[in-house]
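Enquirer: The amino acid sequence is not available; the structure is as follows:
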């Protein structure tokens, strides 16, 4: 009986051990993920050899999965990591995995030349997202064998390849979350082994690459990444020549490593037409452009703020600010990163109008007055769809369209105002000027002037009145006729008197002739 119990205990122990060390696929915590290696084979590496290690992912659920990320655990595993850490991260991603489908990712691992021969455990963290945004997590472990490399006899002549750096603690600088450069592309529409994509530029900011040099003892191979998740300005609309507060929102994307001793530096582009006026578009209103932050916990967020002044002569457009970041990971390894922000700057419209010229200043109801002025655009923004509307007591509303006015240009305002009803003396009228900015937002400005409207004159009554006066006045026509008659009579009398004098002269001359003849006869 005792022997049977010993045999049973031995069988149970062997079963437990076989369940632990067997390379049989391990089910994920959520049964939707199943992780394995091809053919369940244990891959063998020789010291210094570089081989491709494949991990198969199967979606055994009924819904699709997205962003399936596979990350080897380079530390905190039971065995020492047997491969050279040539890159900062070996994370690989499958964008989409439909229900019932499978895919694979691959890693190019190089066995350390000083790795001890034996069996090593490789652990992988797998995460994915379901259709409803829920996160699916899995951790799977596999084995690899490291075999001692056969000693080769020294070669004579010919070229020899340089030996690669030895030791698991030696790390090179590379872009954040990069895979092995030698990975081959995957099939079925999955991503290849290139570096993971950084957060795309959106919402006015762009996260750049992360670089870092590992210090001694840093065997994690994973660089904690700090990204910009957004920013705010106070006031929300930044105007040229004004001060504003820039608040940047940060996130430590690492779920295991705290970052500390963080130094941020802001650099704005230089703006200006010549060397004497060229300066950064944004300058700190007090202090320097550097910001210090003690640290951000793993998976945590933080904000940094700075007071800035926007240059007064900036053109209305978005301006980019480069944000450089320096910080340390949990092993005091220096990490550098960069990001950029895009801040729109607004320019206030600035214009003037000349005094109104009104001709005439007083009109009767029904008559028109001409009013003129000039509009000068003194700002740095274009005025779109400019209109002038004249209105007031006693005049008909008049609207004229002036079009667009470029910066530094002018346009004439010329309108005819018609009087509709009399006013009691001079009255204040107004002109409302409206225009649009580049975003189509309408703004208005007002300017007043004075005009008097009098009673309309009755021309029919004036005509009747003039006719009546002519009838009651001096009788011009009869007098004129009488004068003509008198003149004619006088002319007749004068003519007749002339003829009579002539006849008398002739008669007298005849008598004298007769007397002369009588005297001669005697």
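Expert: Structure's in. What do you need? Just so it is clear, the model here is predicted, and its values are computed rather than measured.
Enquirer: From here on, just use CA atoms for contacts and neighbour counts.
Expert: Will do.
Enquirer: now the helices: where do they sit in the protein?
Expert: 2-21, 459-472, 476-521 (DSSP state H).
Enquirer: looking only at pLDDT, what's the mean for the first one?
Expert: For helix 2-21, mean pLDDT rounds to 54.
Enquirer: Kindly report the same for the last one.
Expert: Mean pLDDT, helix 476-521: 66.
Enquirer: Could you do the second one as well?
Expert: With pLDDT averaged residue by residue, helix 459-472 scores 53.
Enquirer: Then stretch 299-309?
Expert: Rounded mean pLDDT across stretch 299-309 is 93.
Enquirer: ranges for the strands of the stretch 251-400 of the chain?
Expert: For the stretch 251-400 of the chain, the strands defined by DSSP state E, counting those that start in this stretch cover 259-267, 270-271, 279-280, 282-284, 290-296, 301-310, 317-328, 334-346, 351-353, 357-359, 362-364, 368-377, 383-391, 398-405.
Enquirer: As a markdown table, those strands with distance to residue 454 would be great.
Expert: Below are those laid out as a markdown table (distance: least, C-alpha to C-alpha, whole Å):
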| stretch | distance to residue 454 |
| --- | --- |
| strand 259-267 | 67 |
| strand 270-271 | 58 |
| strand 279-280 | 61 |
| strand 282-284 | 59 |
| strand 290-296 | 71 |
| strand 301-310 | 54 |
| strand 317-328 | 52 |
| strand 334-346 | 48 |
| strand 351-353 | 28 |
| strand 357-359 | 15 |
| strand 362-364 | 4 |
| strand 368-377 | 12 |
| strand 383-391 | 17 |
| strand 398-405 | 19 |
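Enquirer: quick one: which of the ones you listed has the weakest pLDDT on average?
Expert: Across these, the lowest-scoring stretch is strand 270-271, with a mean of 79.
Enquirer: So which elements touch it?
Expert: Here strand 270-271 touches strand 279-280, going by 3 or more C-alpha pairs under 8 Å, 6 or more residues apart in numbering; DSSP states H and E.
Enquirer: Among the strands of the stretch 251-400 of the chain, single out whichever gets nearest to residue 411.
Expert: With C-alpha to C-alpha as the criterion, residue 411 lies closest to strand 368-377 of these, at 5.3 Å.
Enquirer: The closest one pairs with which strands?
Expert: Strand pairing for strand 368-377, determined by DSSP bridges: strand 351-353 (antiparallel), strand 357-359 (antiparallel), strand 410-418 (antiparallel).
Enquirer: Walking through the stretch 51-200 of the chain, point out its strands one by one.
Expert: Going by DSSP E, counting those that start in this stretch, the stretch 51-200 of the chain shows strands at 65-72, 92-97, 102-110, 118-129, 135-147.
Enquirer: Any chance of those in a markdown table with mean neighbour count, distance to residue 339 and mean pLDDT as columns?
Expert: As requested, those are exported to a markdown table (neighbours: other C-alpha atoms under 10 Å; distance: least, C-alpha to C-alpha, whole Å; pLDDT from 0 to 100):
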| stretch | mean neighbour count | distance to residue 339 | mean pLDDT |
| --- | --- | --- | --- |
| strand 65-72 | 20 | 23 | 90 |
| strand 92-97 | 21 | 23 | 89 |
| strand 102-110 | 21 | 29 | 89 |
| strand 118-129 | 18 | 26 | 86 |
| strand 135-147 | 19 | 28 | 85 |
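Enquirer: In TSV, list those strands along with distance to residue 441.
Expert: Formatted as TSV, the strands of the stretch 51-200 of the chain follow (distance: least, C-alpha to C-alpha, whole Å):
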stretch	distance to residue 441
strand 65-72	42
strand 92-97	42
strand 102-110	52
strand 118-129	42
strand 135-147	44
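Enquirer: Those: which one's closest to residue 223?
Expert: So among those, strand 65-72 is nearest, using C-alpha to C-alpha, at 12.5 Å.
Enquirer: Against which helices or strands is that closest one packed?
Expert: strand 92-97, strand 118-129.
Enquirer: Turn the ones you listed into CSV, including distance to residue 282.
Expert: Output for the helices and strands packed on strand 65-72, formatted as CSV (distance: least, C-alpha to C-alpha, whole Å):
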stretch, distance to residue 282
strand 92-97, 39
strand 118-129, 41
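Enquirer: give me the beta-bridge partners of residue 245?
Expert: Under the criterion used (DSSP bridges), residue 245 bridges to residue 234, residue 307.
Enquirer: burial measure for it, as a count.
Expert: By other C-alpha atoms under 10 Å, 18 other residues sit near residue 245.
Enquirer: Ok, residue 62 next?
Expert: For residue 62, using other C-alpha under 10 Å, the count is 10.
Enquirer: Could I get the contacting residues of the closest residue to it other than its chain neighbours?
Expert: Nearest residue to residue 62 in three dimensions, chain neighbours excluded: residue 99, at 5.2 Å (C-alpha to C-alpha, 6 or more residues apart in numbering). Counting by C-alpha atoms under 8 Å, 6 or more residues apart in numbering, residue 99 touches 59-65.
Enquirer: Return the members of these classed as buried.
Expert: Among those, those classed as buried by neighbour count (16 or more other C-alpha atoms under 10 Å) are 59-61, 64-65.
Enquirer: would you turn these into a markdown table with distance to residue 119?
Expert: Shown next, in a markdown table, are the buried ones among the contacts of residue 99 (distance: C-alpha to C-alpha, whole Å):
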| residue | distance to residue 119 |
| --- | --- |
| 59 | 29 |
| 60 | 30 |
| 61 | 33 |
| 64 | 36 |
| 65 | 33 |
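Enquirer: now the strands paired with strand 368-377 as JSON lines including mean neighbour count?
Expert: Below are the strands paired with strand 368-377 laid out as JSON lines (neighbours: other C-alpha atoms under 10 Å):
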{"stretch": "strand 351-353", "mean neighbour count": "15"}
{"stretch": "strand 357-359", "mean neighbour count": "15"}
{"stretch": "strand 410-418", "mean neighbour count": "18"}
